[in-house]
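A.B. asks: dropping the sequence and predicted coords here.
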Amino acid sequence: MTSEELRALPPLANPEPGTRAHELYLNYMQVVGDLHRAARESRDAADPGLVRLVAVSKTKPASDILALHECTRHDHFGENYVQELVDKAKELPRTLQWHFIGHLQTNKAKMLTSIPNLYVVETVDSLKLARELDKHWGKHHAATREPPLRIFLQANTSGESSKAGFATVETLIETVHTIRAELPNLQVAGLMTIGEPGCGDRDFATLRSWAEQVEQDAEKHDQEVQNLHAMTRPLELSMGMSDDYAIAIKHGSTNVRVGSAIFGSRTYKTSEAQAKADAARMAARLAAEATAASAAVDPKP
Ligand SMILES: *Cc1c(COP(=O)(O)O)cnc(C)c1O
């Protein structure tokens, strides 16, 4: 639901102060307010009502999602890990709209497409992955006559080797071509990028320019494509996270993905922190053994 639609709803009861629900509610309202301000202030931006807020709930418990949903009616949530999303989707209301925003291995495409209320896969970064999603969405949903699966193509606008995504506008154009011609169970609904920290202005301008070029090329080939629903126009722009959503909105973002500004910072169970702690424990044990050994060899009088 967009913030504009949200504001049109009758006010909901504030959650009780001191509860987790209240904390989430306050964070959320702050983000919605900032998002509106950014959209109003930027001459070039989309209508504030058209900027979709995706609440990124990865690593956070299902109870947080439900609490936020119940006090705000917010329904677009983003997750990065397939198994975590499958588990949460089973537990939570079917009316939620799930965005998959993590790196997706082709062998997990089948599991992901089994989620009935999957709204969009934002991180399609290869034609191979698109083919897998097309195949499995077709199998799962052809019988129920579901519309095609919405996807965003992920673009690597910063050129960082650590980031996934199509690295040039030419490869994006070529991929859209193939999808429109050969993959009837997919709908290309937008482009997505993760801005390099501190370089949002550059990366978001790049994504917007690439989207315009993809649209122009698609128009040239409309005659050859039987299914014109295979791509929406204008394409959505999924860009902007907690630290840079205002910049992204200035560049025309229609879909911001905000996690920590709503849910607080994340802690990972099998994290780098855990690995470091294990390494430190091992080092301490080796040091203790070395001390004991040298004491045995060279006993002090
Ligand atoms: C985790 C994540 C986000 C949210 O990040 P925050 O900085 O917590 O807002 C957005 N997009 C992607 C692709 C992510 O992995």
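C.D. replies: Cool, the structure landed.
A.B. asks: what residues does stretch 178-188 touch?
C.D. replies: 127, 130-131, 133-135, 137-138, 141-142, 147-153, 176, 218, 221, 224-225, 227, 229-232, 235 (CB atoms under 8 Å, 6 or more residues apart in numbering). The way it works is simple: take the backbone N, C-alpha and C, and place the C-beta from them, glycine included.
A.B. asks: and those, which are buried?
C.D. replies: For those, a burial check counting by 16 or more other CB atoms under 10 Å picks out 127, 130-131, 133-134, 137-138, 141, 148-153, 176, 218, 230-231, 235.
A.B. asks: tell me which of those fall in strands.
C.D. replies: Among the buried ones among the contacts of stretch 178-188, the residues falling in strands (DSSP state E) are Leu149, Arg150, Ile151, Phe152, Leu153, Met231, Leu235.
A.B. asks: pLDDT of stretch 117-132, averaged?
C.D. replies: The pLDDT scores in stretch 117-132 average 98.
A.B. asks: give the buried residues for it.
C.D. replies: Residues 118-127, 129-132 are the ones in stretch 117-132 that count as buried (16+ other CB under 10 Å).
A.B. asks: which of those residues sits closest to Ser158?
C.D. replies: Closest approach between those and Ser158, by CB to CB: Asp125, at 14.1 Å.
A.B. asks: show the contacting residues for that closest one.
C.D. replies: Counting by CB under 8 Å, 6+ apart, Asp125 touches His103, Leu104, Leu153, Gln154, Ala164, Gly165, Phe166.
A.B. asks: from the ligand, how far out is it?
C.D. replies: 11 Å (CB to the nearest ligand atom, to the nearest Å).
A.B. asks: repeat that for Val32.
C.D. replies: From Val32 to the ligand the distance is 14 Å (CB to the nearest ligand atom).
A.B. asks: next SSE downstream of the host helix or strand of that residue?
C.D. replies: Using DSSP states H and E, Val32 sits within helix 20-41. Where DSSP H and E defines the elements, the next helix or strand beyond helix 20-41 is strand 52-56.
A.B. asks: output the contacting helices and strands for that following strand.
C.D. replies: helix 20-41, strand 76-79, strand 255-258, helix 260-263 (3 or more CB pairs under 8 Å, 6 or more residues apart in numbering; DSSP states H and E).
A.B. asks: mind redoing it with 7 Å?
C.D. replies: Contacting strand 52-56 under the criterion 3 or more CB pairs under 7 Å, 6 or more residues apart in numbering; DSSP states H and E are the following elements: helix 20-41, strand 76-79, strand 255-258.
A.B. asks: alpha carbons of the longest one, in CSV - could you do that?
C.D. replies: Backbone C-alpha positions of helix 20-41 (Å, rounded to 0.1, in the frame of the first residue of the first chain) are rendered in CSV as follows:
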residue,chain,number,x,y,z
ARG,A,20,7.6,-3.3,20.5
ALA,A,21,4.5,-2.6,18.4
HIS,A,22,4.6,1.1,19.5
GLU,A,23,8.3,1.3,18.7
LEU,A,24,7.8,-0.1,15.2
TYR,A,25,4.8,2.2,14.8
LEU,A,26,6.8,5.3,15.6
ASN,A,27,9.7,4.3,13.4
TYR,A,28,7.3,3.6,10.5
MET,A,29,5.5,6.9,10.8
GLN,A,30,8.8,8.7,10.8
VAL,A,31,9.9,6.9,7.6
VAL,A,32,6.5,7.6,5.9
GLY,A,33,6.7,11.3,6.8
ASP,A,34,10.3,11.5,5.5
LEU,A,35,9.3,9.7,2.3
HIS,A,36,6.5,12.2,1.7
ARG,A,37,8.7,15.2,2.4
ALA,A,38,11.3,13.9,-0.1
ALA,A,39,8.7,13.3,-2.8
ARG,A,40,7.2,16.7,-2.3
GLU,A,41,10.5,18.5,-2.3
